[in-house]
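Peer 1: Predicted coordinates and the sequence they were generated for:
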Amino acid sequence: MVIHKVKSIFFSPGRKTSKVTSVLTNSLNITCEKYNITGYNKRNLHIKVNHDELAVFASPVYGGRMPKIAAQEFKNIKGDASPAVIVAVYGNGDYGDTLLEMQEVLESNGFKVIAAGAFIANHSIMRRVAVNRPDEKDEEVIKQFANKVKEKLESIKDINKISTLRVKGKYPYRRYPGMPLKPAVIKKKCDLCGACVINCPVNAIPKDNPMITNKKKVHKLYGLSYNMY
Ligand SMILES: Cc1cc2nc3c(=O)[nH]c(=O)nc-3n(C[C@H](O)[C@H](O)[C@H](O)COP(=O)(O)O)c2cc1C
């Protein structure tokens, strides 16, 4: 099938999912519209993806699952028997049920998942895990994946006739109760640039005092008392 545009939709508080997604979409060599749904004010987009467009959906892995916020936003995006590529980015642990969950959400919204990939990136909490990844070797693997996606698209005559992709994961999805971590103090390093205010997925960091995070709002995303710091 011939694709006229790529729409890439990604959730990426720590910017690694965004990096992986860019390498992938740049390697596809098709005009790409990017929708970064991380910030609180950047969601509820109700994007529509046409039949001749490819959607690339990318999400980090939290506790072997897709973050609730990403799942909610992906549900607002509608396809028209449109091909979709799903990408899970994880911190060298386990991506668990993330791809299966993404596939389920998207296939009930008019998408047909034609390819799925899980890629390792620096762990956004345990910063010493997978340091500097994705690195050059990872980028090479992502480019190879992009080539496979192009080949697959070329081979599709009728998308309604392709069989369902089998991805890792099982029902019922694993429970993810959240992360029992406490925020660290970063006062000395903070230069009040405001980037965290704009990118906070749950609007938990006030513009006029970014040192104070609203823990109840953070709970909505991560569960328990985990905080982005
Ligand atoms: C709350 C939370 C839970 C996570 N759970 C997992 C996990 O179960 N397995 C894993 O390999 N990595 C896990 N990670 C690491 C992230 O999946 C990884 O760092 C990813 O690159 C983050 O994407 P981002 O940089 O786009 O935010 C977790 C990170 C966070 C913040």
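Peer 2: Received it, and whenever you're ready, just let me know what you need. On a predicted model such as this, the values are computed, not experimentally measured, just so you know. Numbering: from 1, shown residues only.
Peer 1: show me where this structure has helices.
Peer 2: With helices called from DSSP state H, the chain shows them at 16-28, 68-75, 98-107, 136-155, 195-199, 215-222.
Peer 1: So which of those helices is nearest the ligand?
Peer 2: The ligand lies closest, by CB to the nearest ligand atom, to one member of the helices of the chain: helix 16-28, at 3.2 Å. (Glycine included, C-beta is placed from N, CA and C.)
Peer 1: packing partners for the closest one?
Peer 2: In terms of contacts (3 or more CB pairs under 8 Å, 6 or more residues apart in numbering; DSSP states H and E), helix 16-28 is packed against strand 5-10, strand 32-36, strand 53-60, strand 82-90, helix 136-155.
Peer 1: Give me the contacts around that helix.
Peer 2: 6, 8, 10-12, 32, 34, 36, 38, 54, 56, 58-60, 85, 87, 89, 117, 119, 121-122, 124, 133-134, 138-139, 142-143, 145-147, 149-150 (CB atoms under 8 Å, 6 or more residues apart in numbering).
Peer 1: Now which of those would you call buried?
Peer 2: Listed as buried from those are 6, 8, 10-12, 32, 36, 38, 54, 56, 58-60, 85, 87, 89, 117, 119, 121-122, 124, 133-134, 138-139, 142, 145-146, 149-150; burial here means 16 or more other CB atoms under 10 Å.
Peer 1: Write out the residues of this structure neighbouring the ligand.
Peer 2: For the chain, the contact set with the ligand under CB under 6 Å from any ligand atom comprises 12-17, 60-64, 89-94, 121, 123-125, 179, 222, 226.
Peer 1: Going by neighbour count, which of those residues are buried?
Peer 2: Among the residues of the chain next to the ligand, the ones that count as buried by 16+ other CB under 10 Å are 12-14, 16-17, 60-64, 89-91, 121, 123-124, 222, 226.
Peer 1: How is this protein partitioned into domains?
Peer 2: Domains of the chain are assigned by automatic domain parsing as 5-161, 177-229.
Peer 1: got a pLDDT number for the residue nearest the centre of the chain?
Peer 2: With distances taken as CA atoms, centre = their mean, residue 59 lies nearest the centre of the chain, 1.7 Å away. At residue 59, the model reports a pLDDT of 97.
Peer 1: what's near enough to touch it?
Peer 2: 10, 11, 17, 66, 67, 70, 74, 87, 88, 89, 98, 102.
Peer 1: likewise residue 174?
Peer 2: Applying CB under 8 Å, 6+ apart, we find residue 174 in contact with 63, 64, 65, 96, 97.
Peer 1: Okay, now the unreliable bits of this structure?
Peer 2: By pLDDT under 70, the low-scoring segments of the chain are 180-187, 219-229.
Peer 1: ok, now which residue in it is the farthest from the centroid?
Peer 2: Most distant residue from the mean C-alpha position of the chain: residue 188, 30.7 Å away (CA atoms, centre = their mean).
Peer 1: and the spatially closest residue to residue 204 that is not a sequence neighbour, how many neighbours?
Peer 2: Once flanking residues are discounted, residue 204 sits nearest to residue 217: 3.7 Å by CB to CB, 6 or more residues apart in numbering. The number of residues packed near residue 217 is 15, by other CB atoms under 10 Å.
Peer 1: Residue 217 contacts residue 206, doesn't it?
Peer 2: No. Contact between residue 217 and residue 206 fails when scored by CB atoms under 8 Å: they sit 10.4 Å apart.
Peer 1: Save the domains of the chain as CSV, and put in distance to residue 169 too.
Peer 2: Formatted as CSV, the domains of the chain follow (distance: least, CB to CB, whole Å):
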stretch, distance to residue 169
domain 5-161, 3
domain 177-229, 18
